[in-house]
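In: okay, here's the prediction I keep looking at, along with the sequence it came from:
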Amino acid sequence: MERLFNGLNIKEVKTEDNRHSAVEERRSKQSREVMRRRYEREREEGMKRREVSRQEEEKKAREAEARRRQRILAMERQRKKEGELKKNREPAREEHIGRLRGEEETLAEAQRVGRERQRIMQIQMELEREQRIEEEMIRIRHEKAAIIENLSTIQN
């Protein structure tokens, strides 16, 4: 005799349980499959992102290297250009230095002549002063002689 469970006999309950178990198993498998696919998809997306990121980093590195090479080339061109300008300027520079030295010598000579002229003027002024003093002394002697002569005439 079969027992009844919720209006169903045991075979039907077992069959119903098996059906539910099978449905649960299918749902579980589907859920695992969905989760596995999601995991795979996310893993692949992560790998793609990492690959894109790696490629971007490589691109940045290549661009930085290219910029560095361009800077080096530009600096070399600038040095070469400056070297050529220096070569071109060197004779003009030497000529300019020669002119400056000549001007410097002329100025030094002019200053020396000016100092010498100043010294001559000082000596001349001293001589004039001494001459005036001497003339004054001669005048005083003449006056003294005249006074002495007047005194001698008065005493005689």
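Out: Now that the structure is in, tell me what you want to look at. Note that the coordinates shown come from a computational prediction; the quantities given were computed from them, not determined experimentally.

In: okay, strands next: where are they in the chain?
Out: Along the chain, the stretches classed as strands by DSSP state E are 4-5, 8-9.

In: which stretch in these has the least confidence?
Out: Ranked by mean pLDDT, the strands of the chain bottom out at strand 4-5, with a mean of 54.

In: from residue 129, how far out is residue 122?
Out: Plainly put, residue 122 is 11 Å away from residue 129 if you go by C-beta to C-beta, to the nearest Å. Quick note: C-beta positions are derived from backbone N, CA and C, even for glycine.

In: check residue 148 too.
Out: With distances defined as C-beta to C-beta, the gap from residue 148 to residue 129 amounts to 28 Å.

In: do residue 28 as well
Out: Distance, residue 28 to residue 129, by C-beta to C-beta: 134 Å.

In: point out where this protein drops to low pLDDT.
Out: In the predicted model of the chain, residues 1-13 satisfy pLDDT under 70.

In: now with 90?
Out: Residues of the chain meeting the criterion pLDDT under 90: 1-23, 79-96, 151-156.

In: tell me where it has helices.
Out: Listed in chain order, the helices of the chain (DSSP state H) span residues 10-155.

In: give me the residue at the spatial middle of it.
Out: Within the chain, one residue has its C-alpha closest to the average C-alpha position: by C-alpha atoms, centre = their mean, that is residue 75, at 14.7 Å.

In: relative to residue 81, how far out is that residue?
Out: Residue 75 is 11 Å from residue 81, by C-beta to C-beta.

In: try residue 49
Out: Remark: distance between residue 49 and residue 81 (C-beta to C-beta) = 47 Å.

In: just residue 64 next, same as before
Out: When C-beta to C-beta is the yardstick, residue 64 and residue 81 sit 26 Å from each other.

In: got it, and residue 40?
Out: With the distance defined as C-beta to C-beta, residue 40 ends up 60 Å from residue 81.

In: ok, now residue 27?
Out: Relative to residue 81, residue 27 is positioned 79 Å away (C-beta to C-beta).

In: how about residue 24?
Out: Taken as C-beta to C-beta, the span from residue 24 to residue 81 is 83 Å.

In: ok, now residue 140?
Out: Between residue 140 and residue 81 the distance is 85 Å, computed by C-beta to C-beta.
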